[in-house]
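**Student:** This is the structure alone, sequence omitted:
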């Protein structure tokens, strides 16, 4: 039973189900995204049931005032939830309201007036190049089956060597892989944004070794990466893998799957790559998102500045 089933009436439960179906089918939201959105909406509905008293309905959502939304955000702050977490939850709530209004289920202009909690600027936490190499060469600290070790290395190389998000890597199918050692990968990322990512020979070789050793039949249009029982590899298993490697190698707490993607961008910038190129490789819709990496690697900017004609005259 969904978390909101205990605090909502049948009409609202159906609306939420329809919204999630729309997210999955029309927006191509991943299972991870759907679960996160569902938790945020369920938490809001749980608060509302206690705050207003009784079952929550579409009519109640339609009737909420600005003070009600502010009370919800204040309650989250009182529980110590971060501003970024509340900003994300508010974004989810606004998205549900927009969807419901387009379908004439409710109309509430008050939510648009809610101020998003101010967040401190969060810089990407990239690994150093030596730490990254230690992580990728960290198999000796773990005891795994040969095919599992090959699978894990292929996944990590896709995150760091190609800058993929964990969901993008785990959604790959054998049919999507390039046929040669220096091919490119077509990646469908957030917002259905398609990008072309070149694969280093080391990555394609690692993928080939995994496919050779994998004990399960890898059908062309089914998930490439498998768990030990043959089902699709769960993102949580990749998180646990990096957690184990981090502890075994003494790496910083910021070592996560997404940190490898950040490291990919930061190390490219340090090597002289331009921001526009990095933007395309990462699939960022806005250059301003990519520009965060200039604060992470000021040395890379100074290196690029040194190529300026006027700098050479100093």
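**Tutor:** Looks like it came in fine. Bear in mind that the values here come from a model prediction, so they are computed numbers and not experimental data.

**Student:** Output the contacting helices and strands for the helix or strand residue 244 falls within.
**Tutor:** Under the criterion of DSSP states H and E, residue 244 resides in helix 235-249. With contacts taken as 3 or more C-beta pairs under 8 Å, 6 or more residues apart in numbering; DSSP states H and E, helix 235-249 sits against helix 129-136, helix 146-161, helix 166-170, helix 257-270. Where C-beta positions appear, they are placed from N, C-alpha and C, glycine not excepted.

**Student:** for stretch 269-280, the distance to its chain's centre please.
**Tutor:** 21 Å (C-alpha atoms, centre = their mean, to the nearest Å).

**Student:** cool, and stretch 218-231?
**Tutor:** Offset of stretch 218-231 from its chain centre (C-alpha atoms, centre = their mean): 21 Å.

**Student:** now the helices: where do they sit in the stretch 201-314 of the chain?
**Tutor:** 201-213, 235-249, 257-270, 275-282, 287-290, 293-296, 298-305 (DSSP state H, counting those that start in this stretch).

**Student:** What separation do you get for the nearest residue to residue 24 once chain neighbours are set aside and residue 92?
**Tutor:** If the residues on either side of it in the chain are set aside, residue 24 comes closest to residue 34, at 6.1 Å by C-beta to C-beta, 6 or more residues apart in numbering. Note on residue 34: its distance to residue 92, by C-beta to C-beta, to the nearest Å, is 11 Å.

**Student:** Pick out whichever of those two has more residues nearby.
**Tutor:** Counted by other C-beta atoms under 10 Å, residue 34 and residue 92 do not tie: residue 92 has more neighbours, with 19 against 15.

**Student:** so what's that one up against?
**Tutor:** Going by C-beta atoms under 8 Å, 6 or more residues apart in numbering, residue 92 touches 36-37, 40-41.

**Student:** Now a PyMOL select for only the buried ones of the residues you listed.
**Tutor:** The PyMOL selection below is limited to those of the contacts of residue 92 classed as buried (16 or more other C-beta atoms under 10 Å):
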select buried, resi 37+40+41
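
**Student:** Take the contacts of residue 92 and write them to TSV, including pLDDT and distance to residue 169.
**Tutor:** As requested, the contacts of residue 92 are exported to TSV (pLDDT from 0 to 100; distance: C-beta to C-beta, whole Å):
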residue	pLDDT	distance to residue 169
36	89	18
37	91	21
40	92	25
41	93	27
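
**Student:** Just to be sure, which of the contacts of residue 92 are found in helices?
**Tutor:** The helices, defined by DSSP state H, take in 36-37, 40-41 from the contacts of residue 92.

**Student:** re earlier: of the helices and strands packed on helix 235-249, which is nearest residue 55?
**Tutor:** helix 166-170 (34.7 Å; C-beta to C-beta).

**Student:** Can you give me the buried ones in stretch 150-162?
**Tutor:** Within stretch 150-162, the residues scored as buried using 16+ other C-beta under 10 Å are 150-162.
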